[in-house]
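Peer 1: after the sequence you'll find the predicted model.
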Amino acid sequence: MKELVEIYLSFFKMGGVTFGGGYAMLPILEREIVEKKEWITNEEIVDYYAISQGLPGIIAVNVAVFIGWRRRGILGGIAAALGVVSPGAIIITLIAMFLSNFQDNDLVRHAFAGVAVCVAALILNSVIGLWKKGVKNNLGIMLFVAVFFGIEFTTVSPVVFILSAAAIGILTRKVVEK
Amino acid sequence: MIYFELFFEFFKIGLFAVGGGMATLPFLRHLSATTGWFSEAFIVDMIAISESTPGPIGINMATYAGYNVAGVLGGVVATLGEVMPSIIIVVVVSTYLAKYSKSPVIEQAFSGLRPAVTGLIAAAGHSIIKLSILQIETYNLSGEWTDLFEWKKLIYFGVIFFLIRRFKRHPITYIAASAVIGIIMGF
């Protein structure tokens, strides 16, 4: 029970400071779950993002359930999912109740513009870390470039890139072995 | 019963929207057209509010829509409905993954997936940089390259990036400081 509460509170904290969806949570997960609590490794987080991208559902919630499940099975997964959605749900409810034009407030706009710059810098920092750990050869560089430009300049679903990259990983290793 | 309907409709969204928060948009529009619970204009408001509040965007939109249909309990029910499929699906996938994670095929698949996901995240970062630092519209109007950047923000981006690399504090520290700086500098 104590561990379930810890899982819930960790994800509550992370959900409360994630602005802008699934990928914006990555730098916070790296710090909280990998470095501080040492629940899983950096590679595992990336793997969970990869699978979550291809599964139905909200990415941040999927990643949370993966990590919660690793700690304490199904109950751990439920605790993580509820934790990550609680702060947003509470804040949104309060805004809907009291502040219908809250996003037109100047102070709010300036604060969020500042946060957006920070989130951009945090994600860039995470990408550098992921590059060092996950992109180990020319094939990796090619996959990175293909996905980056594919997402930027086409409307092809990320799911297609994820499935293709997995297939290429499996096929090329086979070629090398022979 | 409205709560049951809300749960069921958002359960469906959680079950079929592949690819995260914004992937739920087409479903919300469909919901607006078929149920009349909210208007198309309401969806635009919902995106703005969901993006500028903490938490996963898809979930925030569910809470906001649910609240407007049936009050606090409506928000809770819609949120739980959208989360439920994730829990079921990920628990099933985790169980299989744990069983087969040592298999060479899975390891090879991940050797291809890791650089691809790095590319996906880099693209997400790039679009956030575009939105937060560049002013594409002003640039298109004037054609002056000096109008392409919001200089105050670009400089702050450089500063905060340096601090993140140098001091490695908790991201919460940088996020909170940036909210204050955004207000002081009038971003």
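Peer 2: Thanks, I have the structure now.
Peer 1: low pLDDT regions in chain B?
Peer 2: Within chain B, the segments meeting pLDDT under 70 span B:19-22.
Peer 1: what's the spacing between the residue nearest in space to the middle of it and A:Leu9?
Peer 2: Geometric centre of chain B, nearest residue: B:Ile57, 4.2 Å, by CA atoms, centre = their mean. Note on B:Ile57: its distance to A:Leu9, by CB to CB, to the nearest Å, is 22 Å. Where C-beta positions appear, they are placed from N, C-alpha and C, glycine not excepted.
Peer 1: what's the offset of the helix or strand that contains A:Ile67 from the middle of its chain?
Peer 2: A:Ile67 belongs to helix A:59-98 when assigned by DSSP states H and E. Taking the mean of its C-alpha atoms, helix A:59-98 sits 13 Å from the chain's own mean (CA atoms, centre = their mean, to the nearest Å).
Peer 1: buried ones in it?
Peer 2: A:59-72, A:76-93, A:95-96 (16 or more other CB atoms under 10 Å in any protein chain shown).
Peer 1: for stretch B:8-28, same thing?
Peer 2: For stretch B:8-28, by 16+ other CB under 10 Å, it's B:9-15, B:17-21, B:23-25, B:27-28.
Peer 1: which stretches of chain B form strands?
Peer 2: With DSSP state E, there are no strands along chain B.
Peer 1: domains for it, by residue range?
Peer 2: What the record gives for chain B is the domain set B:2-100, B:104-185, from automatic domain parsing.
Peer 1: now chain A
Peer 2: For chain A, automatic domain parsing gives the domain ranges A:2-133, A:135-178.
Peer 1: redo these as TSV? Include mean pLDDT and distance to B:Val76.
Peer 2: Rendered in TSV, the data for these read as follows (pLDDT from 0 to 100; distance: least, CB to CB, whole Å):
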stretch	mean pLDDT	distance to B:Val76
domain A:2-133	89	7
domain A:135-178	84	30
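Peer 1: quick one, which of these is packed in tightest?
Peer 2: Mean neighbours per residue, mean count of other CB atoms under 10 Å in any protein chain shown, is largest over the domains of chain A for domain A:2-133, with a mean of 21.
Peer 1: one step back: would you mind measuring from the residue nearest to the centre of chain B to B:Phe149?
Peer 2: In terms of CB to CB, B:Ile57 sits 26 Å off from B:Phe149.
Peer 1: do A:Gly169 as well
Peer 2: Taken as CB to CB, the span from A:Gly169 to B:Phe149 is 38 Å.
Peer 1: ok now do residue 29, which residues does it touch?
Peer 2: No chain was given, so I picked chain A. Taking CB atoms under 8 Å, 6 or more residues apart in numbering or on different chains, we find A:Leu29 in contact with A:14, A:45, A:63, A:67.
Peer 1: wait, chain B was what I had in mind.
Peer 2: Here B:Arg29 is in contact with B:40, B:43 (CB under 8 Å, 6+ apart).
Peer 1: what do you get for A:Met1?
Peer 2: Not one residue lies near A:Met1 by CB under 8 Å, 6+ apart.
Peer 1: for it, report the pLDDT, please.
Peer 2: At A:Met1, the model reports a pLDDT of 86.
Peer 1: how near is it to B:Lys152?
Peer 2: Relative to B:Lys152, A:Met1 is positioned 49 Å away (CB to CB).
Peer 1: please apply the same query to B:Ile106.
Peer 2: Counting by CB to CB, the gap between B:Ile106 and B:Lys152 amounts to 47 Å.
Peer 1: when these two are compared, which one has more neighbours?
Peer 2: More crowded of B:Ile106 and B:Lys152, by other CB atoms under 10 Å in any protein chain shown: B:Ile106, with 19 against 15.
Peer 1: what number of residues are in the vicinity of the closest residue to the more buried one other than its chain neighbours?
Peer 2: The shortest distance from B:Ile106 to any non-neighbouring residue, by CB to CB, 6 or more residues apart in numbering or on different chains, is to B:Tyr100 (5.4 Å). Neighbour count for B:Tyr100, taken as other CB under 10 Å: 10.
Peer 1: ok, B:Tyr100 touching B:Ala109?
Peer 2: No. If you go by CB atoms under 8 Å, B:Tyr100 and B:Ala109 don't touch, sitting 10.4 Å apart.
Peer 1: residue contacts, the closest residue in space to B:Pro104 that isn't next to it in sequence?
Peer 2: Leaving aside its sequence neighbours, B:Pro104 sits nearest to A:Arg173 (CB to CB, 6+ apart; 7.8 Å). Residues near A:Arg173 by CB under 8 Å, 6+ apart: B:104, B:108, B:111.
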